[in-house]
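[1] I'll drop the sequence and a predicted model, then ask my questions.
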Amino acid sequence: YVEARSRLLPLSKKFADLPNDVKEKYVKADAYYAFGWSHGKEKLQEKPDYSKGSYYANPQYDKPVEDEEIIAKYPSFVHPNIWPK
């Protein structure tokens with residue numbers, strides 16, 4: 001875990017510095033922003049919070065289920081992880 005985290009943290013800065021149109025490719029609105037990139041979707045004092053961005057992924061399973069119907073029905077819980085390329 002420690003080694004993986006040490007490799008991942010510097011990549012988060014690289015991702016955050018990418019142009020917005022590139023980061024938008026990793027937004028998953030139909031999963032309620034529970035997977036992939038999220039920026040300005042959370043609210044702070046009733047206003048969109050643009051002071052931070054978040055990248056969400058399932059820490060245990062890259063693809064929790066194979067059944068596409070289940071994924072479509074529960075996208076915020078079982079959508080496959082969305083990784084930058």
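    Looks like it came in fine.
[2] what distance do you get for the residue positioned nearest the centre of the chain to Glu3?
    Against the mean C-alpha coordinate of the chain, by CA atoms, centre = their mean, the closest residue is Gly36 at 1.9 Å. To Glu3, Gly36 is 24 Å away according to CB to CB, to the nearest Å. All C-beta atoms are positioned from the backbone trio N, CA, C, and that covers glycine.
[3] what's the following helix or strand after the lengthiest helix in the chain?
    When the chain is scanned for its longest helix (criterion: DSSP state H), the result is helix 2-16. Downstream of helix 2-16, the first helix or strand assigned by DSSP states H and E is helix 20-23.
[4] can I get that following helix as CSV, trimmed to CA atoms?
    C-alpha atoms of helix 20-23 as CSV (Å, rounded to 0.1, in the frame of the first residue of the first chain):
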residue,chain,number,x,y,z
ASN,A,20,-10.0,20.9,-18.6
ASP,A,21,-11.1,19.3,-21.9
VAL,A,22,-8.8,16.3,-21.2
LYS,A,23,-10.1,15.9,-17.6
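[5] mind listing what's buried in it?
    For helix 20-23, the neighbour count (16 or more other CB atoms under 10 Å) marks Lys23 as buried.
[6] again, but for stretch 35-52
    Buried, per 16+ other CB under 10 Å, within stretch 35-52: Phe35, Gly36, Trp37, Ser38, His39.
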